[in-house]
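In: Generate coordinates for the sequence data below:
(2 chains)
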Amino acid sequence: MRFATLILANLRRRPMRSALTVSGVAVAVMAVVALVGIARSFENTLLAIYQSRGVDLVVVRAGGVQRLGSVLDEKLADRVRQLPGVARVSPALAEVVSFEKLDLFGVLVRGLPLDSFILDDVAVVAGRRLAPGDKRAVMLGTVIAKNLGAGVGQTIEVVPGKPCEVVGLFQSHNLFEDGSIIMPLDELQDLMDRKGEVTALMVIADDKTKAGLDALGAQIASLAPQTEVLRTRDYIETAIEVRLARAVAWLTSTIALMVGTIGMINTMLTAVFERTRELAILRAIGWRKWRVMKLILWESIVLGLGGAVAGTLLAIVITQALSRLPQAGRLVSGEISWGVILQGFLIATLVGLMGGLFPALRAARLVPTEGLRHE
Amino acid sequence: MNSPAGDGVFLRAEGVSKLYRDGRVEALVDVSLQVARGEYLAVMGPSGSGKSTLLNILGALDRPTRGEVYFQGQALGAMKSLDRYRAEKLGFVFQSFHLLPTLTAIQNVQVPMFEIRLSARQRAQRAAELLEWVGMGHRSGHVPAELSVGERQRVAIARALANRPSLLLADEPTGNLDTKTAAGIFDLFERLHAEQGMTIILVTHDPNLAARAQRIVRMQDGRMVREA
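Out: Numbering: from 1, shown residues only, chains lettered A, B, ... in the order given. Down below sits the predicted model:
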């Protein structure tokens, strides 16, 4: 007989309790894996929009926490373009709109100059590209087109009462982008009453070394007051949306860890009390305290790991289901990274260890004769 | 494990007292006892006479309030690990068998073996031999609930022998058994004593069974009243 046999035999004798404890941990792990996974994939998708185009620096209004609330003068783009070491610059105006009748909230609309390098990577799958002279015209990403149920030639109301014609559908292989709407920059400015304003400038530099980018960044920042130049990754990571998503994910993990641990302590303490006599016998026949502790700890760790397996599977099912919902599908890719799964297992192991520790100490402290009297 | 160190006595209790509740209850009063290697000793007395307390103290399950127990000349209080003493030197047999309910007979016999260095295969092999020896080889795959009380006690004896102890302590081992089954258990003790020279200390209140031991010690009100 192996030690593991003993552990499993003990867990099997109360199948209902073991199953319920595993379920408790599973729900906690599921919440962690799903939420952290969604937060990470949101962040990565966002980052990919910039990185796939080789954007090195993003210029925004200094001091703003909400990236979309940043306001810059459109003319700054031309001044940046003239700096040595700048390969390409594209201004962009970002707005978030909602289509309440369709239950679609927070849809990104980007206004871009027609020569923007951002548009280079956008493949038209139906209709045509935006062209000079287009008025009240939009291109829809394939995902948002599907959600809106709109096709080429139809009109949508980006702003209520101001219909825009869909001239083309595009695909960029980025979930976030495919869920967005693109308009000519001047048209969006007009529609939103933000003449001459852009949200950010995206800059591709010639010299991509850290020193090169730092120098260029300083130069750009000196062009206008209240201007902040960020590396692409920093731009994403410091965005309030990403920070919020991360904070929520961490908070959930912490709560999951606490709730899971309390549930585990409850289960294992009950088990120790129930088996007082049995554990006392083990001590009486020569088991060291440490071995009795090990038995209880392993039982709770195995329960925790069982919860991790079940919870990870649940999380995969849930994110897959979410990614198929029109409301969430624009943000959730349904992919869960190994790192996130590892985090789930780590939390489950911690739940097992922390939840089992107090009951195990309790079991180790049993005095053999006291336990033997307990019949 | 021959020639004991120290004074040459295998097991010795010296002036052992056990007090409970701040000394108001005297479970054991100034008990001294010497047991030779290979001796078969019965401790008799009515309930509450302190015989189980004495056995627990000899078996290092409990510590005396006063006095000391010496195993092969070594004071138990000076031992680094009493767990190790129990695991390697002692075998316990209890009145209520105390087998683990979820484990089969052969698994139960292996439980103490986790404290000594044996591979899983060696553990299983030794357990099978022991079950064979107590006449339970054919029942090795059964859990305690499927065994008769006599069979359970045989398995418990096999478990007590798992780590090849040199001292067997039995607390009313036949207390829950009928006369005929009890006789079978005593046959086992006698064989252990005769064939292997096992030192046995047996607590019982059955005079017929005690009579089969080499020596009887009587307890009353926590004191040793007579050594017959």
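In: and the residue nearest the centre of chain B, what helix or strand is that in?
Out: Nearest to the geometric centre of chain B sits B:L169, at 1.3 Å (Cα atoms, centre = their mean). Take DSSP states H and E as the rule and B:L169 turns out to sit in strand B:167-171.
In: now A:L282
Out: With DSSP H and E as the test, A:L282 turns up in helix A:276-284.
In: can you map out the strands along chain B?
Out: Along chain B, counting by DSSP state E, strands occupy B:11-20, B:25-35, B:40-44, B:66-71, B:74-75, B:90-93, B:167-171, B:199-204, B:215-220, B:223-227.
In: for those strands, which one ends up most surrounded?
Out: Among the strands of chain B, ranked by average contacts under mean count of other Cβ atoms under 10 Å in any protein chain shown, first place goes to strand B:90-93 (a mean of 26). For the C-beta atoms, the positions are set from N, CA and C on the backbone; glycine is no exception.
In: by contact count, what packs against the following helix or strand past the helix holding A:L282?
Out: Sequence-wise, the next helix or strand beyond helix A:276-284 is helix A:289-323, with elements assigned using DSSP H and E. Contacts of helix A:289-323 with other secondary structure elements, assessed using 3 or more Cβ pairs under 8 Å, 6 or more residues apart in numbering or on different chains; DSSP states H and E, are made with helix A:3-12, helix A:15-51, helix A:240-274, helix A:276-284, helix A:326-329, helix A:338-364.
In: and with 10 Å instead?
Out: For helix A:289-323, the packing partners by 3 or more Cβ pairs under 10 Å, 6 or more residues apart in numbering or on different chains; DSSP states H and E come out as helix A:3-12, helix A:15-51, helix A:240-274, helix A:276-284, helix A:326-329, helix A:338-364, helix B:82-89.
In: And the average pLDDT for the helix holding A:L282 is what?
Out: Helix A:276-284 shows a mean pLDDT of 90 in the predicted model.
In: Next: stretch A:357-369.
Out: Confidence over stretch A:357-369 (mean pLDDT, whole number) is 91.
In: With stretch B:48-60 instead?
Out: Across stretch B:48-60, the average pLDDT comes to 91.
In: how much space is there between B:F97 and chain A?
Out: Shown here: B:F97 relative to chain A, a distance of 10 Å by Cβ to the nearest Cβ, to the nearest Å.
In: hey, C-alpha coordinates of stretch A:253-273 in PDB?
Out: Output for stretch A:253-273, consisting of C-alpha atoms alone and laid out as PDB, is shown next (Å, rounded to 0.1, in the frame of the first residue of the first chain):
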ATOM      1  CA  SER A 253      -8.600  35.800  -7.000                       C
ATOM      2  CA  THR A 254      -8.100  37.000  -3.400                       C
ATOM      3  CA  ILE A 255     -11.800  36.500  -2.600                       C
ATOM      4  CA  ALA A 256     -11.700  33.100  -4.200                       C
ATOM      5  CA  LEU A 257      -8.700  32.200  -2.200                       C
ATOM      6  CA  MET A 258     -10.300  33.300   1.100                       C
ATOM      7  CA  VAL A 259     -13.700  31.700   0.400                       C
ATOM      8  CA  GLY A 260     -12.000  28.500  -0.800                       C
ATOM      9  CA  THR A 261      -9.700  28.400   2.200                       C
ATOM     10  CA  ILE A 262     -12.600  28.900   4.700                       C
ATOM     11  CA  GLY A 263     -14.600  26.100   3.000                       C
ATOM     12  CA  MET A 264     -11.600  23.800   3.100                       C
ATOM     13  CA  ILE A 265     -10.900  24.500   6.800                       C
ATOM     14  CA  ASN A 266     -14.500  23.700   7.500                       C
ATOM     15  CA  THR A 267     -14.400  20.400   5.600                       C
ATOM     16  CA  MET A 268     -11.100  19.300   7.000                       C
ATOM     17  CA  LEU A 269     -11.800  20.300  10.600                       C
ATOM     18  CA  THR A 270     -15.000  18.200  10.400                       C
ATOM     19  CA  ALA A 271     -13.000  15.300   9.100                       C
ATOM     20  CA  VAL A 272     -10.400  15.600  11.800                       C
ATOM     21  CA  PHE A 273     -13.100  15.700  14.500                       C
END
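In: sorry, back to before: which of the helices and strands packed on helix A:289-323 sits closest to A:D186?
Out: Comparison of the helices and strands packed on helix A:289-323 against A:D186 by Cβ to Cβ identifies helix A:15-51 as nearest, at 22.0 Å.
In: what's the angle between that closest one and helix A:289-323?
Out: For helix A:15-51 against helix A:289-323, the angle between stretch directions is 50 degrees (axes from the mean of the first three to the mean of the last three Cα atoms, to 10 degrees).
In: tilt between helix A:15-51 and helix A:3-12?
Out: Inter-element angle recorded for helix A:15-51 and helix A:3-12: 110 degrees (by the same axes, to 10 degrees).
In: List the buried residues of helix A:15-51.
Out: The neighbour-count check on helix A:15-51 (16 or more other Cβ atoms under 10 Å in any protein chain shown) flags A:17-18, A:21-50 as buried.
In: same deal with stretch B:106-123?
Out: Counting neighbours by 16+ other Cβ under 10 Å, one finds that the buried residues in stretch B:106-123 are B:106-116, B:118, B:123.
In: which residues touch A:L76?
Out: For A:L76, the contacting residues are A:V59, A:V89, A:P91, A:V198, A:L201, A:I220, A:L223, A:A224, A:T227, by Cβ atoms under 10 Å, 6 or more residues apart in numbering or on different chains.
In: For the buried ones among those residues, write the corresponding ChimeraX selection.
Out: In ChimeraX, selecting the buried portion of these, with burial taken from 16+ other Cβ under 10 Å, looks like this:
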select /A:59,89,91,198,201,220,224,227
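In: Now, the contacts of A:L76 that are in helices?
Out: Applying DSSP state H to the contacts of A:L76, the entries found in helices are A:I220.
In: For A:M258, state which of the contacts of A:L76 is nearest.
Out: A:V59 (42.2 Å).
In: for the lowest-mean-pLDDT helix or strand in chain B, packing partners?
Out: Taking all helices and strands of chain B together, the one with the lowest average confidence (mean pLDDT, DSSP states H and E) is strand B:223-227, at a mean of 81. The contact analysis (3+ Cβ pairs under 10 Å, 6+ apart) places strand B:223-227 against strand B:11-20, strand B:25-35, strand B:40-44, strand B:215-220.
In: Redo the ones you listed as CSV? Include mean pLDDT and distance to chain A.
Out: Compiled in CSV, these are given as follows (pLDDT from 0 to 100; distance: least, Cβ to the nearest Cβ, whole Å):
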stretch, mean pLDDT, distance to chain A
strand B:11-20, 93, 10
strand B:25-35, 92, 11
strand B:40-44, 94, 17
strand B:215-220, 93, 17
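In: can you redo those as TSV with distance to A:R231?
Out: Rendered in TSV, the data for these read as follows (distance: least, Cβ to Cβ, whole Å):
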stretch	distance to A:R231
strand B:11-20	74
strand B:25-35	77
strand B:40-44	83
strand B:215-220	85
